[in-house]
Structure formats: structure tokens, C-alpha cells
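Participant: Just a sequence and a predicted model for now, questions to come.
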Amino acid sequence: MTGRLPLGGYDLHRLAARVGSTPFFVYDRAAVSARVAEVRAALPPTVELSYAVKANPMPALLHHLRGLVDGFDVASGRELRHVLDTGVAAQRVSFAGPGKSDAELGQAVAAGVTVELESERELGRVLAASDTVGLAARVAIRVNPDFVVRGAGLRMGGGAQQFGIDAERVPAVLAGLGRTGLDFHGFHVFSGSQNLKAEGLCDAQRQTVALAVRLAAAAPGPVRYLNLGGGFGIPYARRDQPLDLDRVGANLAELLANTVQRELPQARVVIELGRYLVGEAGLYVTRVIDRKVSRGTTYLVVDGGLHHQLAAAGLFGQVVRRNYPMTLAPRLPAATTETVTVVGCLCTPLDLLGEAVELPVGDVGDLVAVSQAGAYGLTASPTAFLSHPAPVEVLV
């Protein structure tokens, strides 16, 4: 393996010198732009594309995405501030999450973004925030559907959930909402994430549209916003097959033509993606600080670890731990490879980045790059654990 990055063709050691320290995250803006263009080409042109900020809230990345996507979905007041700093129109921002504070609700109402109601009690709290601010809040209802999506790595709908209002309760909530004077816009249904099965996504979208049509009959006004969620997955292991994006797009085109345009003619249809847009555009780069052999196993100890990249350690949503793709950039050319286990610098056996992986023969000073690190990396990891310094993030 050469010292060049899998993304962008950058020399890894030169980039590390430019950053000034390891570990660091690097995101490739060209790769993000290409992925957004790929999604745009596959989806019907009238479908809007929203970026789920929780996947990666790096401010520079948000500013880059501002020119590529139609809107943003946030899940905290801080994410909301970062997004509004990009200059995006407030009506293109939605705010979801089951535990919004009163202060965050006030922020959202004052900004004019769409608040996605997650409970009946939250409706009352939004109404109180509207009275305080003196502005009728823009609201949508996040619906916990009465179906389960197939193929999702992480289920976020169906059955009992902390997310959204149960579908069977929504008509009664809509009736109460109609008496409040709040500005009702529509529905958001997000039933699962990290799905590589196109037919599972297509089936979820069909059921979501059918559910929205049923619920629209009880709405206090026309449905002007229909967020179908996302859940598009990316491959993390060799056995993973990439999502058939064209199949998902064709299904959406059929749904729009046959159902949405007829039953919900005023609705702007939104697909909300996070991981799928940025996950494969990032690397986590860390430096080898020790090499040791213990009872037949060769270990490369690096200066990073699970405190920065929890997902690569198998501790963020994986039932069975699998190695993320990784490469090694030696300081000197390596003619042979070896089987090694790559571990972090933390004092816990959980700090495992790669187990029995085939890499060029490595030594102290070499760089290890963990792929698929553009989503749910730094901000999804316990950065304060053992009090090591935080890594740098760069957009190149």
C-alpha cells in the first residue's frame, strides 16, 4: 500500500504534516459532492434532499453541503446554530429528537424552523414557546409507524419507540393541533437506518406514503411536507453489497406519480440522508507508536482509538464486531504484508480498531487510515475517556 489516501489521492504523510498532529479526521469535499450528485441523479427531480446533521456536524462540512442539499435536519440547539450559520433559509430546516429542552424549542420557534413533534406533551410545550416568542410555530408530526422496516441495521420505528407519536394516536393529536393555531406542515416517518437492502427501503417508503395518506384525512390543513426519512446504508465490511440506489429511485418515482401527486398534491417530498452522503468520504488517521508481539500475535499500537472512533471499535450499533476497512502508509516502502491487530492507546481491551487484518509490514511512525469514517465518528465517540487530546478535523 502506498502512502496515498484512498480519497483524493493525497499523500498521507504530507497531509499529516500539514495537519500538524495525529490522530485526525479528514473529509474529502470532492467525494461528498460526487455522492450528492449520484443521489440527485437517481432520485426523482422533485424530491428534496436533506442532510441529517447528526451524522457529521463539522461546521466546514455543513458550509460545503449548504450549496449541495435542499435543507438540514438537526437534533439539538447547537446543531441548529451551526446550520443557521451557513445561511440556509429557516424553512429548509427541521428539528427532530425526543428530548428537546424548553430552551431548544424556544430557539426553534424563534428561528422559524419546522419543529417535528415527538410526543403529545411536546405539542403543549411548543405551544407555550410560541406564546412566549409571539410567533406561531411551524410544526410537523414525527410518526412512529405501525410497521417494521426490513433490513435496517438500527430500527427506529414500529413497536414501542421513544421516537415519534404512535400512528394510531396521531389523528387525535391532529385534532388537538388544529385548535392551537400552530402552522401545521406535515409528517416525518423515519423507520430505520443503515439499510443496504433496496427492497426493504422501497417497502418502507410504500408503507410510509400509504400511512401519510391515511393520516392526512385527519390533518387540520393540507400536507405540505412529507419527510420519508432515509436509512440508506453504506458497506463497512467486504461481505457488504452496496445499496442499489437506482432501484430505490425508481420506486420513489412510481410512488410520486401514482400516489403522492394525486393524494398529497401540495406536499414537498423529502429524503433525509446523513451517513450515505458523508460516511465514505472520511478517514480517521492515526500513527503507530509501538509494535509488539504477544504469544504469537503482532500488535500495532496507535495514538488514537475508540475515544475518537467508537464505531470502528464495534461499539456503536454493531451486534457482531467487524473490521472497518483500513490501510497502512509506511514511512519506507514495504515489500510484504503481515497479519496484525491494531489497537488504540487506551487502557482497556475494548480499544480494538482492527483484529487480524492484513496490512503492509508496519513499524513505529507509520500511519494507519481507517475508512468509512465520515459519519458517526468524532461526535459519536467518548472523547473525554481517559482524558486524551481531541483529534483535529480537516476538510480537503
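Facilitator: Noted; the coordinates are in hand. Numbers count the residues shown, from 1 in each chain.
Participant: ok, now which ones touch residue 300?
Facilitator: Residue 300 makes contact with 288, 290, 291, 328, 340, 341, 342, 343, 359, 362, 366, 368, according to C-beta atoms under 8 Å, 6 or more residues apart in numbering. From N, CA and C alone the C-beta is placed, and that goes for glycine too.
Participant: which SS class is it?
Facilitator: The three-state assignment at residue 300 reads strand, by DSSP: H, G, I helix; E, B strand; the rest coil.
Participant: circling back: show me which of the contacts of residue 300 is closest to residue 65.
Facilitator: Closest approach to residue 65 among these (C-beta to C-beta): residue 368, at 27.8 Å.
Participant: Checking my notes, residue 357 in a strand, right?
Facilitator: Yes: assignment of residue 357 by three-state DSSP places it within a strand.
Participant: can you pull the contacts of it?
Facilitator: 323, 326, 339, 340, 341, 342.
Participant: Drop anything exposed from the residues you listed.
Facilitator: Of the members of these, the ones counted as buried by neighbours, 16 or more other C-beta atoms under 10 Å, are 323, 326, 340, 341, 342.
Participant: can you give me the helices for the stretch 1-150 of the chain?
Facilitator: Assigned by DSSP state H, counting those that start in this stretch, the stretch 1-150 of the chain shows helices spanning 12-19, 29-42, 59-66, 77-84, 102-111, 120-133.
Participant: Which among these is found nearest to residue 260?
Facilitator: helix 29-42 (17.5 Å).
Participant: Can you pull out the low-pLDDT segments for the stretch 1-150 of the chain?
Facilitator: The model of the stretch 1-150 of the chain has pLDDT under 70 over residues 1-8, 149-150.
Participant: how about a cut-off of 90?
Facilitator: 1-11, 146-150 (pLDDT under 90).
Participant: State which strand of this structure is the longest.
Facilitator: strand 282-294 (DSSP state E).
Participant: Check which helices and strands that one is in contact with.
Facilitator: Under the contact criterion of 3 or more C-beta pairs under 8 Å, 6 or more residues apart in numbering; DSSP states H and E, strand 282-294 touches helix 12-19, strand 24-27, strand 297-302, strand 367-370.
Participant: Let me know the average pLDDT across the third one.
Facilitator: Averaging the model's pLDDT scores along strand 297-302 yields 98.
Participant: I appreciate the help and will end here.
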